[in-house]
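Asks: For reference, the sequence and a predicted model appear below.
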Amino acid sequence: MKSNFYYIIGLCFLITGCNSKPDPYLVSNQSVGALTDSTTVSELKKIFINDSITKFIGGDEFISGSNIISIFDKETKSILLELTPKEALDSLSTIQNVRIMDKRYKTKKGLDKICDFGCISKNYNISSIQNTLRNLIISVDEINAYFTIDKKELPENLRYDMTTKIEAVSIPQKAKIKDFFIQWY
């Protein structure tokens with residue numbers, strides 16, 4: 001009688017474990033939804049079967065032959081992701097850079113495109129902060145991510161000098177994320 005009980009409990013765990021689907025919008029260091037760091041360009045049509053895929057193929061003149069692939073949600077007509085392959089115009093190339101455009105994509109700790117700097121700093125160790133002309137680039141190596149924050153979000157005295165080393169404590173917690181990227185090497 002006892003062994004039947006354990007058999008039934010084990011079977012229940014097996015059935016519920018097999019039925020749970022992975023979160024289609026989960027962001028981790030090796031994946032963005034069903035997209036992984038080993039996904040090739042040729043596999044995108046299978047992964048995003050219910051979505052629309054468009055490609056921008058630039059020339060060599062100014063943009064070094066970049067090849068941005070945009071994924072649109074067919075229902076809402078909104079853009080989900082922008083992908084940049086490691087090698088332009090190569091269907092066997094893997095994805096190098098993912099720009100997350102849709103707020104449904106989140107990390108396990110709830111970080112998404114509409115979060116603020118406080119959400120980043122509370123949940124992750126900031127690896128580096130780069131000061132550029134118009135933005136700050138916040139890197140989080142733990143999840144292979146980087147974020148841009150418009151310098152308009154900074155106090156006035158930190159906005160205009162690119163040589164100023166900006167520390168995390170100088171960035172307001174409410175500073176909005178402008179862009180959210182995952183980068184695979």
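Replies: That came through fine.

Asks: Can you give me the end-to-end span of stretch 35-50?
Replies: Stretch 35-50 stretches 14 Å from its first residue to its last (CA to CA, to the nearest Å).

Asks: ok, now stretch 128-137?
Replies: Termini of stretch 128-137 sit 8 Å apart (CA to CA).

Asks: what about that stretch, distance to the chain center?
Replies: Between the centre of stretch 128-137 and the centre of its chain there are 18 Å (CA atoms, centre = their mean, to the nearest Å).

Asks: State the mean pLDDT of that stretch.
Replies: Here stretch 128-137 scores 96 as its mean pLDDT.

Asks: Repeat that for stretch 143-157.
Replies: pLDDT averaged over stretch 143-157 gives 96.

Asks: Buried ones in it, by neighbour count?
Replies: The neighbour-count check on stretch 143-157 (16 or more other CB atoms under 10 Å) flags Ile143, Asn144, Ala145, Tyr146, Phe147, Thr148, Ile149, Lys151, Glu153, Leu154 as buried. (C-beta placed from N, C-alpha, C; glycine too.)

Asks: How about the second one, nearest residue that isn't a chain neighbour?
Replies: Among residues not flanking Asn144 along the chain, Asn29 sits closest, at 4.7 Å (CB to CB, 6 or more residues apart in numbering).

Asks: can you check the fourth one too?
Replies: Spatial nearest neighbour of Tyr146, chain neighbours left out: Ser139 (4.6 Å); criterion: CB to CB, 6+ apart.

Asks: same thing with the fifth one?
Replies: Distances taken as CB to CB, 6+ apart put Ile138 closest to Phe147, at 4.5 Å, once the chain neighbours are dropped.

Asks: can you confirm that neighbour is in a strand?
Replies: Yes. Looking at Ile138 with DSSP: H, G, I helix; E, B strand; the rest coil, it is inside a strand.

Asks: returning to that earlier point: wait, the residue nearest to Tyr146 sits on Thr148?
Replies: No. Ser139 is beyond contact range of Thr148, at 10.7 Å (criterion: CB atoms under 8 Å).

Asks: contacting residues for Leu136?
Replies: Leu136 makes contact with Ile129, Gln130, Thr148, Ile149, Lys151, Leu154, Ile166, Ile171, according to CB atoms under 8 Å, 6 or more residues apart in numbering.

Asks: Tabulate these in JSON lines, adding columns for secondary structure.
Replies: Listed next are the contacts of Leu136 as JSON lines, based on three-state DSSP:
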{"residue": "Ile129", "secondary structure": "strand"}
{"residue": "Gln130", "secondary structure": "strand"}
{"residue": "Thr148", "secondary structure": "strand"}
{"residue": "Ile149", "secondary structure": "strand"}
{"residue": "Lys151", "secondary structure": "helix"}
{"residue": "Leu154", "secondary structure": "coil"}
{"residue": "Ile166", "secondary structure": "coil"}
{"residue": "Ile171", "secondary structure": "coil"}
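
Asks: Let me have the residues you listed in TSV, extended by distance to Asp102.
Replies: As requested, the contacts of Leu136 are exported to TSV (distance: CB to CB, whole Å):
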residue	distance to Asp102
Ile129	26
Gln130	25
Thr148	17
Ile149	19
Lys151	25
Leu154	27
Ile166	29
Ile171	25
